[in-house]
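Visitor: the following comprises the amino acid sequence and a computationally predicted model.
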Amino acid sequence: MDAGLIATIVFFLMLALLATGVWVAPTLIAVGFVTLHFFSPAPAGSLLASNVWDASWNWALTALPLFVWMGEILFRTRLSSDMFNGLAPWLSRLPGGLLHVNIVGCGVMAAVAGSSAVTCATVGRMSMPELKKRGYDENLAIGTLAGSGTLGLLIPPSIMLIVYGVVAQVSISRLFIAGIVPGVMIILIFMAYVALRAKLNPALAPKQDTGLSFVQKLYASRYLFPVIALMFVVLGSIYGGFATPTEAATIGVLGALVLAAATGSLSWSSFMESLMGAVRTSCMIAFILAGAAFLSIAMGFTGVPRVLAGYVDAWNLSPVMLIVLLTVLYIFLGCFLDGVSMMVLTAAVVLPMVDKAGIDLLWFGIFTVIVVEMAQITPPVGFNLFVLQGMTGRDILKVTRSAAPFFFLMLLGIAIITAFPQIVLAPVQFMIE
Amino acid sequence: MLIRTVLDRLFLWSGYLSALFLVGIAVTIIAQVVGRFFPKLVLVDSTETAGFCLAASTFFGLAYTFKQGAHIRVTLLTRLATGLLDRLIHLWSMAVFAVVMGLMTWWSFDYVYFSFVFDDISPGLLAIPFWIPRSGMALGSLVLLIALLDEFVRVAAGLVPSYVENDESQQPERVEDHI
């Protein structure tokens, strides 16, 4: 059968199953099974078992549950409740004042939690009341939270980068290292924007200095530094070539347990809660990845990805044009899909195209994660928008409007890494492997 | 209701087993790193064992994760439905899921059986017979299939699905399970 027709049937079948509420992982398996059974001579049943098995004990994926667990442990320590007091003394003198706490706080929390909704909710729960009390502009307060909350997806150890690494077969160590500079760059872009807005209209952010001495500042952030130190150890061990991501994640889990014990927040019940939380998240992701691996094998049998990649060749798209088109596609998909599903569903078709167009798959991973971040703050299914709506009691329209400038700032970030891909690729070249 | 208690225990303990294997990943890594310092004493090949632990953790966790509402589905359209239509949608999506898991369970047991018959051995240093880790996939899929059938019956009888009841993301303050 013609590959174009098969692609159409597969696409509509998937759409129908997803739209009628069938879970993502079984949808992938069902579509893969139908494809193999009807459009190829291959034995669908035995391929199902062997491919799902092969995808399930993937060594690269072993880092995922451990990083999720580390985040769950740290999330339950005093880190989250002390984030505001720990950061405020350092940042309050910048133009824009405590709004920067939202941005940097999300950056730190993101490194820990690896999930943008959790990041957004945790930081917001502490900072929103404080900002309101001091008369900060609500729009900017919501916007900074919405925007920076999404950093969770990019700042390593990022779950999204592990998922991408497994799907695209790109080294997770390299992805982590490549994600650092763009992550910091986006934080700086956000901070510059807030500072600029505050300079132009000082009423948005009343200035104040806590007047603490250096030692007092250090004391206020005593719970923050150990966590930042742990992040440096985890990423440093990967960067220096001492540890694989899985080994680094194990160090992270042990360090997080020690920190939790030292700050008195480790109990049997918090330990079990963190562990079962990690089971839920990693089981959900691993199941989707196994389903996606099977679907991608099934698609391979029909030759659809090769044909679609051929179309791109025939259109003679420049890499930049392709990136523009894919940005639009992902932002559109982000209107109804969550990040993991989006990345996994498109991988089988998009990755061969991108590869053929001569785009570096490492760079493309960072690009995809930033676009998925943007999708978190586009209605109607931006998870961060829901979180903020619940927290502030404002309607979704107002929250979306507050988040909009940050959406465009991320778009600016994408334009920058497209124009200067070295921002992503250079740090990786100095890695020791 | 004895059967209710038995089923709920099955799903919960299967979840605990999943957690045990998750810890197992970390333990094998630690064992390997420690083993590096005593190369003559122990030889640990964590690449394989960690992978096996990961697979076991994933499959034993399936049913628990399902009951807790942590598997992802697109609710953009379906959340608009109410009453009978809402219930029919739940039944339909669970029916599809159950068919998929039926296939998965059947072919996994088939796979385990042939791994046993043909004595399929893992390529690593430990040379573990593949049927052992693969049976985790078969058993975990079976437990999820049971959970799906159980949930199907519950919803058909007019109860609210567990995965809706337990889903923390329904309360916007506590969105924890979305990435």
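Guide: Ah, there it is. Numbering: from 1, shown residues only, chains lettered A, B, ... in the order given.

Visitor: when you work out contacts or count neighbours from here on, use the C-alpha atoms and nothing else.
Guide: Fine.

Visitor: so where's the chain uncertain?
Guide: Assuming you mean chain A. A:1, A:80, A:113-115, A:207-211, A:380-381, A:432-433 (pLDDT under 70).

Visitor: sorry, should have said chain B
Guide: Short version for chain B, where the test is pLDDT under 70: B:39-44, B:168-179.

Visitor: center of it, which residue is that?
Guide: Nearest to the mean C-alpha position of chain B, counting by C-alpha atoms, centre = their mean, stands B:L62 at 2.1 Å.

Visitor: ok, now which ones touch the closest residue to it other than its chain neighbours?
Guide: Residue nearest to B:L62 in three dimensions, not counting chain neighbours: B:L144, with 5.9 Å by C-alpha to C-alpha, 6 or more residues apart in numbering or on different chains. Listed by C-alpha atoms under 8 Å, 6 or more residues apart in numbering or on different chains, the contact set of B:L144 reads B:62-63, B:66, B:101.

Visitor: which helix or strand contains B:L144?
Guide: Here B:L144 sits within helix B:131-156, counting by DSSP states H and E.

Visitor: I'd like the next helix or strand past that helix.
Guide: helix B:162-165.

Visitor: neighbouring contacts of that next one?
Guide: Residues from elsewhere that reach helix B:162-165, judged by C-alpha under 8 Å, 6+ apart: B:66-70, B:151, B:170.

Visitor: repeat the analysis, applying 10 Å as the threshold.
Guide: B:64-71, B:151, B:154-155, B:170 (C-alpha atoms under 10 Å, 6 or more residues apart in numbering or on different chains).

Visitor: how many neighbouring residues does B:P123 have?
Guide: Residues lying near B:P123 (other C-alpha atoms under 10 Å in any protein chain shown) number 11.

Visitor: hmm, it is touching B:E48, no?
Guide: Yes - contact status for B:P123 versus B:E48: in contact at 8.8 Å, counting by C-alpha atoms under 10 Å.

Visitor: around chain B, which positions in the stretch 101-250 of chain A sit nearby?
Guide: The stretch 101-250 of chain A comes close to chain B at residues A:113-122, A:125, A:150, A:152-153, A:158-160, A:243, A:246-250, as judged by C-alpha under 10 Å from any C-alpha of the partner chain.

Visitor: buried ones among those residues?
Guide: A:113-122, A:125, A:150, A:152-153, A:158-160, A:243, A:246-250 (16 or more other C-alpha atoms under 10 Å in any protein chain shown).

Visitor: how much space between A:L5 and chain B?
Guide: From A:L5 across to chain B, the span is 24 Å (C-alpha to the nearest C-alpha, to the nearest Å).

Visitor: contact partners for the residue nearest the centre of chain A?
Guide: By C-alpha atoms, centre = their mean, the mean C-alpha position of chain A lies nearest to A:L153, the distance being 1.5 Å. With contacts defined as C-alpha under 10 Å, 6+ apart, A:L153 is in contact with A:110-111, A:113-117, A:119, A:159-161, A:179, A:183, A:339, A:366, A:369-370, A:372-373, A:376, B:179.

Visitor: equivalent analysis for B:R154, please.
Guide: Neighbours of B:R154 in contact, by C-alpha under 10 Å, 6+ apart: B:91, B:148, B:160-162.

Visitor: and these, which of them are buried?
Guide: The buried subset of those (16+ other C-alpha under 10 Å) comprises B:91, B:148, B:161.

Visitor: list just the nearest of these to A:L411.
Guide: B:P161 (39.9 Å; C-alpha to C-alpha).

Visitor: how many other residues sit next to the residue nearest to A:V307 when sequence neighbours are not counted?
Guide: Among residues not flanking A:V307 along the chain, A:A3 sits closest, at 6.9 Å (C-alpha to C-alpha, 6+ apart). When counting by other C-alpha under 10 Å, one arrives at 17 neighbours for A:A3.

Visitor: who's in contact with A:A3?
Guide: By C-alpha under 10 Å, 6+ apart, A:A3 lies in contact with A:9, A:39, A:299, A:302-308.

Visitor: can you select the buried ones from those residues in PyMOL?
Guide: Of the contacts of A:A3, the buried ones go into a single PyMOL selection, burial set by 16+ other C-alpha under 10 Å:
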select buried, chain A and resi 39+299+302+303+304+305+306+307+308
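
Visitor: from the contacts of A:A3, which land in helices?
Guide: Secondary structure assignment by DSSP state H places A:9, A:39, A:299, A:302, A:304-308 of the contacts of A:A3 in helices.

Visitor: got the residues you listed as TSV, with distance to A:G86 columns?
Guide: Shown next, in TSV, are those (distance: C-alpha to C-alpha, whole Å):
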residue	distance to A:G86
A:I9	55
A:F39	59
A:M299	51
A:T302	56
A:V304	53
A:P305	50
A:R306	53
A:V307	55
A:L308	51
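
Visitor: ok, so of those, who is nearest B:L80?
Guide: Closest to B:L80, out of all of the ones in helices among the contacts of A:A3 and judged by C-alpha to C-alpha, is A:I9, at 26.5 Å.

Visitor: is the closest one in contact with A:G32, as I believe?
Guide: No - using C-alpha under 10 Å, A:I9 is not in contact with A:G32, being 11.8 Å away.

Visitor: give me the residues contacting the helix or strand where A:Y311 lies.
Guide: Element membership for A:Y311 (DSSP H and E) is helix A:304-315. Helix A:304-315 has contacts (C-alpha under 10 Å, 6+ apart) with A:2-7, A:296, A:298-300, A:316-318, A:322, A:347-357.

Visitor: can you tell me which of these are in helices?
Guide: A:3-7, A:296, A:298-300, A:322, A:347-356.

Visitor: now which of those residues would you call buried?
Guide: Buried among the ones in helices among the contacts of helix A:304-315 by 16+ other C-alpha under 10 Å: A:3, A:6-7, A:296, A:298-299, A:322, A:347-354, A:356.

Visitor: how close does A:M391 sit to A:A404?
Guide: 18 Å (C-alpha to C-alpha, to the nearest Å).

Visitor: quick one on the thing from earlier: is the residue nearest to the centre of chain B within a helix or a strand, and which one?
Guide: Assigned by DSSP H and E, B:L62 falls in helix B:46-67.

Visitor: angle of that helix against helix B:131-156?
Guide: 10 degrees (axes from the mean of the first three to the mean of the last three C-alpha atoms, to 10 degrees).

Visitor: and helix B:46-67, what's buried?
Guide: B:46-67.

Visitor: again with stretch A:248-258
Guide: For stretch A:248-258, the buried set under the neighbour-count rule, 16+ other C-alpha under 10 Å, comprises A:248-257.

Visitor: list the residues that contact A:L18.
Guide: A:12, A:24-28, A:337, B:73-78, B:93.
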